[in-house]
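Novice: Just the structure for this:
(chains A and B)
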Amino acid sequence: MPGVVLFAGYVGLGGLLHGVGFPFFAGMLSTLLIWALPAQVILAGGIGAGTALPALALAIGLSSLRLLPMTVAIAPFMRGHRRSFWAELLCSHYVAMTFWVEGLRLLPKVPGEGRVAFALGLGNALLAISLAGTAAGFFLAGELPPALAAGLLFLTPVSFSLMMIRNAGRDLMDWLALGAGLLSVPFVVGLAGGADLMISGIGGGTVAYLIGRFLRRRG
Amino acid sequence: MSALSGEAAAMLVVILVGFLPTEMWRALAMVAGRKVQEGSELFRWVKAVATALLAAVVGRLIFAPAGTLAEMPLSLRLASIAIGVAVFFACRRSILLGALAGEAVLLGGAWWFLG
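Specialist: Next up, the predicted model:
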């Protein structure tokens, strides 16, 4: 099941990359190296919107910061008996949402000496699924009749909307951030060079954080 | 896109704008490890900004999409999202069923508009 969702997500990304005119191998490289679907969606969406590259790098850096606590949490399960800095660094590259959830579920059951190998095997399997999805989406986008091509481009917004709603859970701040980011779009969509992303993201997120903190202090 | 027309230029963008800002956090986690506190106020702010950033990009894909999706009326795109969210909640928070329902509405509309 996690493999199916992952594959579908990357098919959507492949379609999006094709839609904004991103070259194929650079798109595949983004899955191999960035290996974080939200960051890749921001990259592809930003390129399509003509966002300035420094603003895009800042947006991606902020969106990927969540990988830091995730990596810290899973790191103890990716260490063998003999500590190897480079093996640990390589393992850390595979940390992303699906790997993290499956890794935390499976890795604790693996004996210490096999954990690095298991983590790399799991990571490479998920990566292969995702690369296949990226390629499939990219090529399908050029072949499909227009109605289905529109459906392919719709895969990312519809699945990400639902995933963000699921992840928001019980924290009011998440809902405020979600609403602020989403609903500010029509008002800032004409602004050039990444100003829209900065106002919606940093502005909207900060407002959501402050309101959330205010309500938490009172309640 | 004109500045990115070359495959090599696009790869450079992927590495500098996408890979480095993402990978640095993973590497920092392995090096700095235990010094970060997940529940701290700084992390709450970062989480809010990251959520709003992603929501803004997804919102852009809904309000101002690329390609043939742009030929669909905004009302159809919004209705498809709304139905997807409704089915998601109705079917015990199933992302798969919610996404399928949203896609079905959009494809039905697309077939209607494009013939």
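
Novice: Assign B:Ile81 to helix, strand or coil.
Specialist: Following DSSP: H, G, I helix; E, B strand; the rest coil, we place B:Ile81 in the helix state.

Novice: what about it, neighbour count?
Specialist: A count of nearby residues for B:Ile81, using other Cβ atoms under 10 Å in any protein chain shown, gives 22. The C-beta positions use only the backbone N, C-alpha and C, and glycine is treated the same way.

Novice: ditto for the one 10 residues further on
Specialist: Here the count is done by other Cβ under 10 Å, and B:Cys91 has 14 residues near it.

Novice: Grab the nearest non-local neighbour of it.
Specialist: Among residues not flanking B:Cys91 along the chain, B:Leu97 sits closest, at 4.4 Å (Cβ to Cβ, 6 or more residues apart in numbering or on different chains).

Novice: Tell me the helices and strands packed up against whichever helix or strand the one you found is part of.
Specialist: If you go by DSSP states H and E, B:Leu97 is part of helix B:95-114. Packed against helix B:95-114 by the contact rule (3 or more Cβ pairs under 8 Å, 6 or more residues apart in numbering or on different chains; DSSP states H and E) you find helix A:2-19, helix A:146-168, helix B:74-90.

Novice: and A:Tyr10, what does it touch?
Specialist: Neighbour list for A:Tyr10: A:Thr31, A:Leu37, A:Ile129, A:Ser130, A:Leu131, A:Ala132, A:Gly133, A:Thr134, A:Gly137 [criterion: Cβ atoms under 8 Å, 6 or more residues apart in numbering or on different chains].

Novice: For it, which non-adjacent residue is closest in space?
Specialist: A:Gly133 (3.0 Å).

Novice: Identify the residue spatially nearest to B:Leu28, adjacent ones excluded.
Specialist: Excluding its sequence neighbours, the residue lying closest to B:Leu28 (Cβ to Cβ, 6+ apart) is A:Leu68, at 6.1 Å.

Novice: Please, which helix or strand holds the one you found?
Specialist: helix A:67-74.

Novice: By mean pLDDT, flag the weakest helix or strand of the chain.
Specialist: If you meant another chain, say so; for now it's chain A. Among the helices and strands of chain A, helix A:195-197 carries the lowest confidence by mean pLDDT, DSSP states H and E, at a mean of 81.

Novice: Not quite, go with chain B.
Specialist: helix B:41-63 (a mean of 86).

Novice: ok, now which ones touch whichever residue of chain B sits closest to chain A?
Specialist: Here chain B gets closest to chain A at one residue, B:Ala55, 2.8 Å apart by Cβ to the nearest Cβ. Listed by Cβ under 8 Å, 6+ apart, the contact set of B:Ala55 reads A:Met164, A:Ala177, A:Leu178, A:Gly179, A:Ala180, A:Gly181, A:Leu182, A:Ser200, A:Gly204.

Novice: For the second one, give me its contacts.
Specialist: Just to be clear, that refers to A:Ala177. By Cβ under 8 Å, 6+ apart, the contact set of A:Ala177 is A:Gly204, A:Gly205, A:Ala208, A:Tyr209, B:Lys47, B:Ala48, B:Val49, B:Thr51, B:Ala52, B:Ala55.

Novice: in the chain, which segments are predicted with low confidence?
Specialist: Defaulting to chain A. A:1, A:80-81, A:192-193 (pLDDT under 70).

Novice: other chain: chain B
Specialist: Residues of chain B that meet the criterion pLDDT under 70 lie in B:1-5, B:33-39, B:115.

Novice: can you do 80?
Specialist: Scanning chain B for pLDDT under 80 picks out B:1-5, B:32-40, B:42-43, B:66, B:114-115.

Novice: If you drop the residues flanking it in sequence, what lies closest to the residue of chain A found nearest chain B?
Specialist: Chain B sits closest to A:Gly181 of chain A, with a gap of 2.8 Å, by Cβ to the nearest Cβ. With sequence-adjacent residues excluded and distances taken as Cβ to Cβ, 6+ apart, A:Gly181 is closest to B:Ala55, at 2.8 Å.
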